[in-house]
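> missing the sequence, but the structure's below:
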């Protein structure tokens, strides 16, 4: 595979916080002046003399940092589109600066991804490509000192990968000022003369450092099927017409296939307004053959919310290959 390659594309982030205090100290372009005084006694009294005023201008210190926001490896399927990693970019310098995001892939992992687009998180911490906006990696937006960006880096995972296969992505942030000067990997102390804030020199604070996040293939799939198992019109003679007041029995079947464990499985079934769970929160929801009350107060993970007309069942962690789990309940046509 062609490894250690730069991945281009759009990138995104959210400006989360801007404060007046600068991470790297005094603002770029600020003048610092001082003057010394000497005093002495001479005959008629105390005499003072002042030195000339000495002034210099604070230069722009450029420092962008990247932090991984995902806990541990990120489970993906093979194939999968829009597999996402989340990072925080921060301007720890003392001037306004844009940062170009550079992503490389390792030579020692199991597979390469195809990088997709990078998105600005809109503040909810959930990737939504229809809502989150793209980051312009060609002309990165300027970030004020101490500003932070939360970004999603998306990728396409190829098919036919083995379970537990790994792919490492290394993400770094390079000052757009230095990139424009042809310095794509500046060391600490590197300078771009006259390109900092207020015409100052831009001085790179630290060598570029990348953080690594890892995709891991989990060959596991969770599916759900819903079916009507019976209808009773309660009009006598065993009628089964779907009329107001009739009871409709549903069965949800959850199946976990592949290898590994599907964690934190939660089933929700928002009922249409024409249906209500029989007996409401005092009704019964059967999970895997065990009858549970529909009240959330008993803490069994099975509940019915009368306000939203939604049935919820927390199945917890289920191993692939385990027997399919049937969830059964009865509704009443309104």
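It's in. Computed from a predicted model, the values in this text were never measured in an experiment. Residues are numbered from 1 along each chain as shown.

> low pLDDT regions in the stretch 1-150 of the chain?
Applying pLDDT under 70 to the stretch 1-150 of the chain flags residues 1-24.

> show me where it has strands.
31-34, 37-42, 45-50, 54-57, 60-62, 64-68, 74-76, 80-91, 99-105, 114-120, 133-134, 148-157 (DSSP state E, counting those that start in this stretch).

> same question, the stretch 151-300 of the chain
So, for the stretch 151-300 of the chain - with DSSP E, counting those that start in this stretch - the strands run 166-175, 191-192, 202-204, 211-217, 220-232, 247-258, 261-270, 275-277, 284-287, 290-293.

> what distance separates the third one from the centre of its chain?
Okay, so that is strand 202-204. 30 Å (Cα atoms, centre = their mean, to the nearest Å).

> walk me through which strands it pairs with, and which way each runs.
strand 60-62 (parallel), strand 191-192 (antiparallel) (DSSP bridges).

> check what contacts the first one and list those residues.
Taking contacts as Cβ atoms under 8 Å, 6 or more residues apart in numbering, the residues outside strand 60-62 that touch it are 24-25, 28-29, 93-95, 97, 175, 177-178, 196-197, 200-205. All C-beta atoms are positioned from the backbone trio N, CA, C, and that covers glycine.

> the same query, at a cut-off of 10 Å, please.
22-29, 91-97, 99, 145, 174-178, 186, 190-192, 195-206 (Cβ atoms under 10 Å, 6 or more residues apart in numbering).

> quick one, which of these are buried?
22-24, 27-29, 91-97, 99, 145, 174-178, 186, 190-192, 195-197, 200, 202-205 (16 or more other Cβ atoms under 10 Å).

> between the strands of the stretch 151-300 of the chain, which one is closest to residue 118.
Among the strands of the stretch 151-300 of the chain, the nearest to residue 118 by Cβ to Cβ is strand 166-175 (9.6 Å).

> what's the angle from the closest one to strand 114-120?
Between the axes of strand 166-175 and strand 114-120, defined by axes from the mean of the first three to the mean of the last three Cα atoms, to 10 degrees, the angle is 50 degrees.

> so what's the gap between strand 166-175 and the chain middle?
15 Å.

> parallel or antiparallel, list what pairs with that strand.
If you go by DSSP bridges, strand 166-175 pairs up with strand 99-105 (antiparallel), strand 211-217 (antiparallel).

> got the contact list for residue 200?
27-30, 57-61, 94-95, 193-194 are the contacts of residue 200 under Cβ under 10 Å, 6+ apart.

> swap that for residue 265, please
222, 224, 254, 256, 313-318, 325.

> and the furthest pair within these?
Going by Cβ to Cβ, the pair spanning the contacts of residue 265 furthest: 224 and 317, at 16.3 Å.

> returning to that earlier point: out of the contacts of residue 200, which is nearest to residue 242?
residue 95 (69.0 Å).

> nearest residue to the spatially most central residue of the chain in space, please, no chain neighbours.
With distances taken as Cα atoms, centre = their mean, the residue of the chain nearest its centroid is residue 86 (3.8 Å). Closest residue to residue 86 apart from its sequence neighbours, by Cβ to Cβ, 6 or more residues apart in numbering: residue 69 at 4.2 Å.

> and what of residue 163?
Among residues not flanking residue 163 along the chain, residue 219 sits closest, at 3.8 Å (Cβ to Cβ, 6+ apart).

> ditto for residue 114
residue 156 (4.3 Å).

> how many residues are close by the one you found?
15 (other Cβ atoms under 10 Å).

> which residues does it contact?
Counted by Cβ under 10 Å, 6+ apart, residue 156 has contacts 76, 79-83, 113-116.

> the residues you listed: which two are farthest apart?
The farthest-apart pair in the contacts of residue 156, when distances are taken by Cβ to Cβ, is 79 and 115, at 14.8 Å.

> between these two, which one's more packed in?
Ranked by neighbour count (other Cβ under 10 Å), residue 79 and residue 115 place residue 115 first, with 20 against 13.

> can you report how many residues neighbour residue 288?
14.

> these two touch, right, it and residue 300?
No. Here residue 288 does not reach residue 300: they are 12.0 Å apart, not a contact under Cβ atoms under 10 Å.

> need the residues touching each of the two.
Contacts common to residue 288 and residue 300, judged by Cβ under 10 Å, 6+ apart, are residue 313.
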